[in-house]
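Asker: sequence unknown, structure follows:
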């Protein structure tokens, strides 16, 4: 993982976990990797992974079962879908529109591309 | 608990190096000790391990001054120096001679780390190994001691590229809530994802000492196409990828801490940082 860009490491790990769940690598109801396993795999401080897991717990993506470990919630894929969509609408779309204006691109040009890709 | 109180020291009577260093460390963190060449990082570490005595003030490790060199304290601290001394011994003999000093030393971990670092098939005398190979043996030993306070001075110097990655993996598995790790380094890119607290020594004082969470709460590490004018900007660096800025984090935005930018910002804004991190 490349940590050089401006997103914090803990959020990059959160996004990585999102990917694992959306792609079905981590399945709902199954145990998530331990904090230590991820820290070693990504060569990061365990406190950083801990912070990612706390975030994921607050978003109700994973649950900590005391003494056993972390588990992927049954509705995690739907939850991630909602979070991702919200991020897309609030961050990527405004950026996209900004660039369209900057380059003088008409919305019809974009509609044409979208339609041709259906 | 590890605490330095008003530590004063100098190698030369009319040129003091430290005129009152205060430094407090919390367990469970991996501290990156940063400072310019000659700032006194190694000297400070030697004072903390009882290898040098302060002229005034104290380094207190678990309630006792380091200069007392109590046997309990010596069991609890391991200092891997940059210039490593290795005796004329084979790896097995070295372990047999030095491991008994450390009550939590793990033979299994030592073998595992040697294997990870591809040093398990080395049967000769350690002092005949290359610099990098000696360093790998000593790193494996240091991490196998499981001491509550592990201090390493430029540990990645001399390590080849794959070994740096393995070193990071071992270090990630070493850290836990009971342990404190201090790493003095200029090679911040080697270790930036593991360091989770930063201490900057400059002009005989600790000008910054905070965990990464506190730092990113107070400071915003920003990259943009244009210079921003809002708020306090502490440091600016123009690159082809954009303009990097360290500024006061007024809107509590999470950003990725960049150790090099932080260091440059800190040495240029000593007063402001003291105020900000009070």
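Answerer: Yes, it's here. These figures come from a predicted structure and were not determined experimentally.
Asker: buried residues of stretch B:138-148, list them for me.
Answerer: B:138, B:139, B:140, B:141, B:142, B:143, B:144, B:145, B:146, B:147, B:148 (16 or more other Cβ atoms under 10 Å in any protein chain shown). Backbone N, C-alpha and C define where each C-beta goes, glycine included.
Asker: please identify the helix or strand for the spatially closest residue to residue B:199 that is not a sequence neighbour.
Answerer: Nearest non-adjacent residue to residue B:199, counting by Cβ to Cβ, 6 or more residues apart in numbering or on different chains: residue B:209, 4.6 Å away. If you go by DSSP states H and E, residue B:209 is part of strand B:205-211.
Asker: tell me what that strand is packed against?
Answerer: Using 3 or more Cβ pairs under 8 Å, 6 or more residues apart in numbering or on different chains; DSSP states H and E, the elements in contact with strand B:205-211 are strand B:18-25, strand B:197-202, helix B:259-268, helix B:270-276.
Asker: now with 6 Å, please.
Answerer: With contacts defined as 3 or more Cβ pairs under 6 Å, 6 or more residues apart in numbering or on different chains; DSSP states H and E, strand B:205-211 has these neighbours: strand B:197-202.
Asker: how far off strand B:18-25 does the strand it packs on point, in degrees?
Answerer: Put simply, strand B:197-202 runs at 180 degrees to strand B:18-25, going by axes from the mean of the first three to the mean of the last three Cα atoms, to 10 degrees.
Asker: can you tell me what sits against strand B:197-202?
Answerer: Under the contact criterion Cβ atoms under 6 Å, 6 or more residues apart in numbering or on different chains, strand B:197-202 has outside partners B:29, B:31-35, B:39, B:41, B:206-209, B:211, B:266-267.
Asker: most centrally placed residue in the chain?
Answerer: All of this is about chain A. Closest residue to the average C-alpha location of chain A: residue A:15 at 2.8 Å, with Cα atoms, centre = their mean.
Asker: wait, chain B
Answerer: Centroid check for chain B by Cα atoms, centre = their mean gives residue B:183 as the closest residue, at 1.6 Å.
Asker: so who does it touch?
Answerer: Contact analysis of residue B:183 by Cβ under 6 Å, 6+ apart lists B:32, B:152.
Asker: do a quick rundown of the helices in chain A.
Answerer: Taking DSSP state H as the criterion, chain A contains helices spanning A:9-22, A:35-42, A:46-58, A:76-87, A:93-103, A:107-116.
Asker: do the stretch 101-250 of chain B as well
Answerer: B:107-116, B:131-144, B:161-174, B:188-191, B:212-218 (DSSP state H, counting those that start in this stretch).
Asker: so who does residue B:102 touch?
Answerer: By Cβ under 6 Å, 6+ apart, the residues touching residue B:102 are residue B:145.
Asker: from chain A, how far out is it?
Answerer: As judged by Cβ to the nearest Cβ, to the nearest Å, residue B:102 and chain A stand 22 Å apart.
Asker: pLDDT score for that residue?
Answerer: pLDDT, residue B:102: 97.
Asker: what's the local residue count around the residue lying closest to residue A:84 once chain neighbours are set aside?
Answerer: Residue nearest to residue A:84 in three dimensions, not counting chain neighbours: residue A:18, with 7.0 Å by Cβ to Cβ, 6+ apart. When neighbours are counted by other Cβ atoms under 10 Å in any protein chain shown, residue A:18 registers 21.
Asker: so residue A:18 sits against residue A:80, correct?
Answerer: Yes: contact criterion Cβ atoms under 6 Å: residue A:18 and residue A:80 qualify, at 4.9 Å.
Asker: tilt between the host helix or strand of residue B:31 and helix A:46-58?
Answerer: For residue B:31, the host element (DSSP H and E) is strand B:30-35. In terms of direction (the same axes, to 10 degrees), strand B:30-35 departs from helix A:46-58 by 130 degrees.
Asker: and the strand holding residue B:209, what's its mean pLDDT?
Answerer: Mean predicted lDDT for strand B:205-211 stands at 95.
Asker: brilliant, that's me finished.
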